[in-house]
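Engineer: prediction below, plus the sequence it came from.
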Amino acid sequence: MLIELKNITKEYDNSGVVTKVLRGVSLSVKEGEFLSIMGPSGSGKSTLMHIIGFLDRATDGTYLFDGENIKDFSDDELAYIRNERIGFVFQSFNLLARTSVLDNVILPLTYSKKKNHQELATKALEAVGLGNRLNFLSNQISGGQKQRVAIARALVCDPKVIFADEPTGNLDSKSGTTVMSILGKLNEEGRTIILVTHDRTVAEHANRIITIKDGEIISDEHNPNPRRSKIIEDPTDDIA
Amino acid sequence: MRTLLKNAHGVIKNLASRKARSFLTILGIVIGVAGVIIIISLGAGAQALVLGQITKLGTNIIGILPGKSNEKGPPAAVFGIQIKTLKTNDLEMIKDKDRVPHAEEIVGVVKGDVTIISGKESVDTTFTATDGSYPRVQNVKYESGSFFTDEEARSGANVIVLGYDVREQLFPNGGELGSIVTLKSSGENKTSIPFRIIGVQEKLGTVAFQNQDDQVFIPFTIGQRQILGIDYLQFIRIKVDNADNIKETITDVEQVLRDQHRIKNPDNDDFSVRDLADAIKILTSITDALRMFLSLMAGISLIVGGIGIMNIMLVTVSERTREIGLRKALGATSHQIRNQFLVEAVVLTGLGGLIGIIVGVLISYLIALGARYAGYDWSFVISPTAIFLAVFVSTMTGIIFGLFPAMKASKLDPINALRYE
C-alpha cells in the first residue's frame, strides 16, 4: 500500500474558535491508482490533499506513506519527500514569472541531489509535448501550455505520486482536456495520480472516485471505464 | 555550499530582472561605503599634508615655552596667555656650549602686533623679533635679499624682513629692497621706528592654521625692548645637531633652566621643553580622532542603507509569498529558502559595496587631483584597511539586515503561501 490514512482529523484553531475540517478520514491508495477526490468547496478535500501531499500535518490519526509513519519525520525530511517522491500540479500553475520554461522545470531539481538538470528537464518537457518551447518565458505561453509546464515540473524528479489540485480550473475546455489526457497517459505508464476537483467530468478520468463532504468520506466508488480523451494539439493553443 | 552557489546564480538573474529597484535598494550602501572610503582617504591625505608642512618648518627642533604644562596637553602660551618666566638671561645660559653641547642653533622669539607704513600704504600684521640664526632653525628661504645677521640682531639694527603677503600689499609693483618703512607699535608705548627692508621671505602658505606669509621679522633686541618694552621671551627654539641627541638636549635645557630659576623639584618647573615630535603626536591624535568621528558618521549611513535593504527585502518577501510557497511545495527546506533571501541581500549589499568602493576611490582621486591643482602637496592615499572595512561592513550589513526578512520568508507555511493572493 502506497498511502494509508487511518482516522485522520484536522482542526484549525482560529483564536479560540476550533473548526473541524477533517473528521476522521481513512483511506488507502495503491501504487498505480488514479484517484479523484471530489467534493464541494469547503468539504475539506484540499486540506486532505495537503495532508497526503506533506504540505500539512494532521491534528490526529496515522498516515503511512510507503509503510513509514509521517509523524516521525522532521520538516526537512518532509521537504525531501515533497521533492523526491511527489509532484504537485496547481490550479493556477504557479510558474515563476519572467523565467524560461526550462528553468521552471529545473526548479525542483535545484533542491534535489539529482544531476543532469538540463537533460532531465528537457525530457520531462518532451513528455508533455513542449520540447519545442524550452526557452520561451513562462509569460509567453498559453494557459494550457503553462499547465503542461507545471506537469513537467511535477514529473521531473520522477515521483511516485502526482497530486493535481483542480488542474483544469483555470483552463478552457480544450486545454483542460489535453491536461487530463496527459495525466491519464502518465497513469497508464504506472504513475499514481491523486486528483482533487469539484467537477464530476474531470473526476471521471480517474478509475476510483471518492467523494468528501463536511470532512468525511461519503462515497468511494470504482470507475471501471475512466474517461480518456485524445491529446488535442489545438493550433490556437500554441499561440502565445 | 553547492546550493548556495546555485542560489547566487538564481538570485543574480532575479535581481537583474528588477534593475531599477535593485539599484535604488543599494544606493544607501553605495553612499555609505563611498563615504567611508573618501573620508579615510581624505583624512590620510590631509594628515600627510599637515605633517609634511610641519617637518618643512624644520626637523630636530626643540621648543621652550614659559609656564608648566603636562606631557600631553598644549602649554598655556599656546592659548595666548602671557607668562613672563622665560628671561633673556635664560637664553644666554642655554647658548653656553658646555651646558647644552648638542644645540646647533638657538633662537629666542617674541611676537607682537604692529602696523607697517610705507608712504600712504599701511598694513596691520604680526612681527617676530628673533636672532639671526632663525632661518637656519626654521628652514626659511628668501625670495629676495636675505635675513639679518646675528650681529645685526644683537646690535638692534633697524632692518626688517617681510613676509610674502605683506610685501604684496605694500609693494605690489616690487622695488621693496632698501626701502624704508615705519613700524608703529599697537602696544602702550606708541613708538614709530623706521626700518630698512633687507629681505622678503618666499611664499610659505598656511602651516598649522597660521598664515606664515602675513608677518615680518625684525632683530630681537629692538623688538623686545623698544617695541614691546618687555624683558622676557615668548619662546626659544633650538635646533639639535642630531635626532639621537634630542632627549639628551631636552634634559640639558631643563637642568639649565632649573638652575637659573632655582627649582629643585621638577614638579615646580615654570617652563616646558617640547620636542617637535611631541607636537606631531598631538596633532596626529587630533586628526585621528576627527577621522574616527567622520568614519562613524559614514558608518551610520551604512546602517541607514542596511535598513533600506531590509525594508525592500521585506517587501520582496511579501510580494513573493506565492513563490516561497511553491518552492517549499517543490521540496525547498526552510534553510534553503532562508539562504536564498540571505544570499539575495548579501549580493545586493556586496554589489553596493563594490560600486561604493569604485565611486569612493574615484572621488578621492579627483579630490587629490584638485588639491594638487590648487598647489597643495597632496598625496592620494587609499588604505587597504579602508577597502577591507567597507567590504566587511557592507557584507555584514547584508547578513544582519537580510536575516530578518529571510527568516520571515523561511517560516512561511507553504499552504498559506500558496493560497496568498
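Structural biologist: Sure, I can see it. None of these values were measured; they are calculated from a predicted model.

Engineer: could you pull out the strands in chain A for me?
Structural biologist: For chain A, the strands defined by DSSP state E occupy A:3-14, A:17-29, A:34-38, A:60-65, A:68-69, A:86-89, A:161-165, A:192-197, A:208-213, A:216-222.

Engineer: quick one: mean pLDDT for the shortest one?
Structural biologist: The average pLDDT for strand A:68-69 rounds to 92.

Engineer: and if you look at the second one?
Structural biologist: Across strand A:17-29, pLDDT averages out at 92.

Engineer: what's the longest helix in the chain?
Structural biologist: In the absence of a named chain, this looks at chain A. As assigned by DSSP state H, the longest helix anywhere in chain A is helix A:173-188.

Engineer: that was the other one, I meant chain B.
Structural biologist: Assignment by DSSP H; longest helix in chain B turns out to be helix B:276-319.

Engineer: how about that helix and chain A, touching?
Structural biologist: No: on the criterion C-beta under 8 Å from any C-beta of the partner chain, helix B:276-319 is out of touch with chain A, staying 10.9 Å away. (Glycine included, C-beta is placed from N, CA and C.)

Engineer: mind listing what's buried in stretch B:306-325?
Structural biologist: B:306, B:308-310, B:312-313, B:316-317, B:320-325 (16 or more other C-beta atoms under 10 Å in any protein chain shown).

Engineer: and chain A, which residues reach chain B?
Structural biologist: Close to chain B, as judged by C-beta under 8 Å from any C-beta, chain A has residues A:50, A:53, A:55-56, A:75-76, A:79-80, A:82-84, A:88, A:90, A:94, A:96, A:98-99, A:107-108, A:110-112, A:153, A:157.

Engineer: what about residue 18, how many neighbours?
Structural biologist: You didn't pick a chain, so chain A it is. 9 (other C-beta atoms under 10 Å in any protein chain shown).

Engineer: meant chain B, my bad for not saying
Structural biologist: 14.

Engineer: related to what we said a few turns ago, from the strands of chain A, which stretch is densest packed?
Structural biologist: Greatest average neighbour count among those goes to strand A:86-89 (a mean of 27), per mean count of other C-beta atoms under 10 Å in any protein chain shown.

Engineer: so where is the chain shaky, pLDDT-wise?
Structural biologist: Because you didn't say which chain, this covers chain A. Residues of chain A meeting the criterion pLDDT under 70: A:230-240.

Engineer: that's the wrong chain, I meant chain B
Structural biologist: Applying pLDDT under 70 to chain B picks out residues B:1-7, B:56-58, B:69-81, B:186-190, B:206-209, B:421.

Engineer: the helices in it, which residues?
Structural biologist: B:2-16, B:19-56, B:88-94, B:134-138, B:150-155, B:164-170, B:220-221, B:246-261, B:276-319, B:321-329, B:334-373, B:384-410, B:414-419.

Engineer: tell me which of these sits most buried.
Structural biologist: The most buried one of the helices of chain B (mean count of other C-beta under 10 Å) is helix B:321-329, showing a mean of 24.

Engineer: do that one and chain A meet at all?
Structural biologist: Yes: on the criterion C-beta under 8 Å from any C-beta, helix B:321-329 is in touch with chain A at B:322, B:323, B:326, B:327, B:328, B:329.

Engineer: and those residues, which is closest to residue B:43?
Structural biologist: Within those, the smallest distance to residue B:43 is 45.7 Å, found for residue B:323 (C-beta to C-beta).

Engineer: give me the neighbour count for the closest residue to that closest one other than its chain neighbours.
Structural biologist: Once flanking residues are discounted, residue B:323 sits nearest to residue A:96: 6.4 Å by C-beta to C-beta, 6 or more residues apart in numbering or on different chains. The tally of other residues near residue A:96 (other C-beta under 10 Å) stands at 20.

Engineer: contacting residues for residue A:96?
Structural biologist: A:103, A:104, A:107, A:138, B:323, B:326 (C-beta atoms under 8 Å, 6 or more residues apart in numbering or on different chains).

Engineer: just the closest residue of chain A to chain B, please.
Structural biologist: Closest residue of chain A to chain B, C-beta to the nearest C-beta: residue A:83 (2.2 Å).

Engineer: show the contacting residues for the closest residue to that residue other than its chain neighbours.
Structural biologist: With C-beta to C-beta, 6+ apart as the criterion, residue A:83 has its nearest non-adjacent residue at 2.2 Å, and that residue is residue B:331. Residue B:331 makes contact with A:79, A:80, A:82, A:83, A:84, A:108, A:111, A:112, A:157 under the criterion C-beta under 8 Å, 6+ apart.

Engineer: let me see the contact set for the last one.
Structural biologist: With contacts taken as C-beta under 8 Å, 6+ apart, residue A:157 has the following neighbours: A:83, A:84, A:87, A:108, A:109, A:112, A:114, B:331.

Engineer: cool, and the fifth one?
Structural biologist: By C-beta under 8 Å, 6+ apart, residue A:84 lies in contact with A:112, A:157, A:159, B:331.

Engineer: hmm, try it at 6 Å
Structural biologist: residue A:157 (C-beta atoms under 6 Å, 6 or more residues apart in numbering or on different chains).

Engineer: now do the fourth one
Structural biologist: Listed by C-beta under 6 Å, 6+ apart, the contact set of residue A:83 reads A:108, A:111, A:112, B:331.

Engineer: for those residues, give me JSON lines that also has distance to residue B:67.
Structural biologist: Output for those, formatted as JSON lines (distance: C-beta to C-beta, whole Å):
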{"residue": "A:108", "distance to residue B:67": "82"}
{"residue": "A:111", "distance to residue B:67": "77"}
{"residue": "A:112", "distance to residue B:67": "81"}
{"residue": "B:331", "distance to residue B:67": "80"}
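
Engineer: which one of the residues you listed has the most neighbours?
Structural biologist: Neighbour max across the contacts of residue A:83 (other C-beta under 10 Å) = residue A:108, 30 neighbours.

Engineer: so that residue versus residue A:61, what's the distance?
Structural biologist: For residue A:108, the distance to residue A:61 equals 28 Å [C-beta to C-beta, to the nearest Å].

Engineer: what's the answer for residue A:165, then?
Structural biologist: 21 Å.

Engineer: please apply the same query to residue A:29.
Structural biologist: Distance from residue A:29 to residue A:61, by C-beta to C-beta: 15 Å.

Engineer: who are the contact partners of residue A:11?
Structural biologist: A:18, A:20, A:59 are the contacts of residue A:11 under C-beta under 6 Å, 6+ apart.

Engineer: what's the closest non-adjacent residue to residue A:108?
Structural biologist: Nearest to residue A:108 is residue B:330, by C-beta to C-beta, 6+ apart, at 4.1 Å.

Engineer: what is the neighbour count of that neighbour?
Structural biologist: The burial count for residue B:330: 25, using other C-beta under 10 Å.

Engineer: again, but for residue A:172
Structural biologist: So residue A:172, with other C-beta under 10 Å, has 14 neighbours.

Engineer: just give the nearest non-adjacent residue to residue A:164, would you?
Structural biologist: Once flanking residues are discounted, residue A:164 sits nearest to residue A:89: 4.1 Å by C-beta to C-beta, 6+ apart.

Engineer: can you report phi and psi for whatever residue of the stretch 301-421 of chain B ends up closest to chain A?
Structural biologist: Closest approach of the stretch 301-421 of chain B to chain A (C-beta to the nearest C-beta) occurs at residue B:331, with a separation of 2.2 Å. Backbone geometry at residue B:331, expressed as degrees, to the nearest 10, gives phi 120, psi 10.

Engineer: quick one: it from residue B:182, how far?
Structural biologist: For residue B:331, the distance to residue B:182 - C-beta to C-beta - is 97 Å.

Engineer: please apply the same query to residue A:217.
Structural biologist: Taking C-beta to C-beta, one finds residue A:217 at 119 Å from residue B:182.

Engineer: now swap in residue B:227 and tell me
Structural biologist: Taking C-beta to C-beta as the measure, residue B:227 falls 12 Å from residue B:182.

Engineer: what do you get for residue A:111?
Structural biologist: 94 Å.
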